[in-house]
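**Q** Sequence plus predicted model, see below.
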Amino acid sequence: MDSGLYLLFHRLAPFVQRHNSGYRATWLPAAEALRVLDVGGQPPERLHDAVLLDCTPDLTPRFALDTASCANKGALEAALDGSFMKMRSAFFLLSGKDAHMLSKGQALLRWHGDHRFSGRSGRLSLRDASGSKRTCPDTGHVQYPQMAPVVIVLVVDGDRCLLARKDIHPPGMYSTIAGFCDIGENVDMAVRREVAEEVGVTVSSLNFVFSQHWPFPSSSMMLACHAVAEEGHTEQISVDTTELEDARWFSRDEVHSAFSRPVPPEALSGWAVSSPEESSQAAPGDVPFWVPPKWTVAHWLIREWIQVPKLGLMSR
Ligand SMILES: NC(=O)C1=CN([C@@H]2O[C@H](COP(=O)(O)OP(=O)(O)OC[C@H]3O[C@@H](n4cnc5c(N)ncnc54)[C@H](O)[C@@H]3O)[C@@H](O)[C@H]2O)C=CC1
Ligand SMILES: [Mg+2]
């Protein structure tokens with residue numbers, strides 16, 4: 001671990017630096033990560049708390065390390081010339097290619113933080129060197145990091161598609177319908193139930209198309225589908241307002257326009273902060289409709305529908 005590259009987090013907030021008009025995640029060499037620990041008053045052995053993420057093609061190991069033990073976050077940020085940003089904010093502001101590794105790093109660090117004690121004996125479990133599992137010292141029971149399966153679906157009705165937004169979304173952003181699979185459900189059952197529950201629409205056919213690891217709320221496996229709404233059941237959407245702020249049909253032309261214009265800057269003002277108290281998000285107001293960032297599976301689903309006009313007519 002004294003070589004390699006490190007993504008730093010502080011209480012699960014990833015370290016990012018300004019880059020062009022946005023932000024990027026920064027891979028720090030081991031020597032730099034050690035310097036940061038020193039600034040934070042931590043011994044070099046803390047580097048061994050890092051979890052292994054992958055190896056580059058030239059076999060350089062890459063790690064994620066949480067610096068939560070360093071109380072003075074501001075001193076770390078000053079030493080590194082960047083900031084620890086809330087993951088949700090980072091996901092909207094990053095240039096893109098780093099999103100997957102940030103997501104994996106945060107998910108793995110969170111899992112270790114949440115599973116320190118064995119569910120069998122209640123004793124502190126021991127992690128292996130790479131951080132890929134934990135073992136109970138009494139019973140030998142091994143726990144592995146887990147992901148929760150989530151279905152995500154673009155429902156179409158001819159030349160229009162159904163998109164929804166939650167109140168936690170930035171103003172103007174509409175996304176696809178999503179929901180956790182219940183125990184015992186397959187993807188088909190979960191899609192039909194979620195769409196019926198959240199918008200009151202019946203799905204007549206569906207196709208599985210993509211998957212994606214997603215860090216929210218802890219670690220999810222997004223299972224993405226295209227689905228067709230049943231004829232005659234599309235006019236009355238009944239929005240579950242405990243879950244969604246709004247849901248509505250968007251024409252292909254409206255979605256095309258959203259793809260061809262940049263994200264409205266006012267939609268993201270107030271997102272580049274590290275705590276909810278600092279946040280001052282713009283009111284929904286008149287921010288033009290936009291779609292999720294291009295590294296999200298929701299974006300891929302919507303883009304594919306735009307690019308393949310007959311998609312909504314395919315069935316399993
Ligand atoms: N990558 C992407 O493009 C997108 C990802 N998503 C993600 O999909 C996920 C699920 O969507 P939601 O509409 O929130 O799900 P949902 O419609 O199932 O509602 C969330 C509720 O489900 C319950 N729940 C059941 N099992 C749960 C579990 N294992 N973990 C947490 N809560 C559980 C909780 O009460 C929670 O409040 C979210 O984390 C969201 O960030 C959503 C849209 C786009
Ligand atoms: Mg949902």
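**A** Great, that's in hand. From a predicted model like this one, the values you see are computed outputs, not experimental measurements. Ligands and ions are numbered 1, 2, ... in the order given.
**Q** Now do the helices in the stretch 151-300 of the chain.
**A** In the stretch 151-300 of the chain, the helices defined using DSSP state H, counting those that start in this stretch lie at 187-199, 252-260, 265-268, 297-307.
**Q** Compare these and give me the one nearest Glu77.
**A** Smallest distance to Glu77 across the helices of the stretch 151-300 of the chain (CB to CB): 20.5 Å, for helix 265-268. The way it works is simple: take the backbone N, C-alpha and C, and place the C-beta from them, glycine included.
**Q** one step back: right, so of the helices of the stretch 151-300 of the chain, which gets closest to Phe210?
**A** Of all those, helix 297-307 comes closest under CB to CB, at 5.5 Å.
**Q** is any part of that closest one close to ligand 2?
**A** No: shown here: helix 297-307 not in contact with ligand 2 (CB under 5 Å from the ion), separated by at least 11.7 Å.
**Q** Which parts of the stretch 201-316 of the chain are strands?
**A** 203-214, 220-229, 246-251 (DSSP state E, counting those that start in this stretch).
**Q** The shortest one - contacts with which helices or strands?
**A** Put plainly, it is strand 246-251. Secondary-structure packing of strand 246-251 (3 or more CB pairs under 8 Å, 6 or more residues apart in numbering; DSSP states H and E): strand 160-165.
**Q** switch to 10 Å and redo it
**A** Other helices and strands packing on strand 246-251, by 3 or more CB pairs under 10 Å, 6 or more residues apart in numbering; DSSP states H and E, are strand 148-157, strand 160-165, helix 187-199, helix 252-260.
**Q** Give me the sheet partners of it and which way each runs.
**A** Using DSSP bridges, strand 246-251 pairs in its sheet with strand 160-165 (antiparallel).
**Q** do the same with the second one
**A** Strand pairing for strand 220-229, determined by DSSP bridges: strand 148-157 (parallel), strand 203-214 (antiparallel).
**Q** do you know which of those strands lies nearest Gly113?
**A** It is, among the strands paired with strand 220-229 and with distance given as CB to CB, strand 148-157, at 16.6 Å.
**Q** and the closest one, which residues are buried?
**A** Pro149, Val150, Val151, Ile152, Val153, Leu154, Val155, Val156, Asp157 (16 or more other CB atoms under 10 Å).
**Q** Show me which of those is closest to Asp38.
**A** Checking these against Asp38 with CB to CB, the nearest one is Val150 at 40.3 Å.
**Q** That closest one and Ser218 touch, don't they?
**A** No: look at Val150 against Ser218 with CB atoms under 10 Å: they stay out of range, at 11.2 Å.
**Q** do you know how far the residue lying closest to Thr67 once chain neighbours are set aside is from Gly105?
**A** In space, and not counting its chain neighbours, Thr67 is closest to His10: 5.0 Å by CB to CB, 6 or more residues apart in numbering. For His10, the distance to Gly105 (CB to CB, to the nearest Å) stands at 12 Å.
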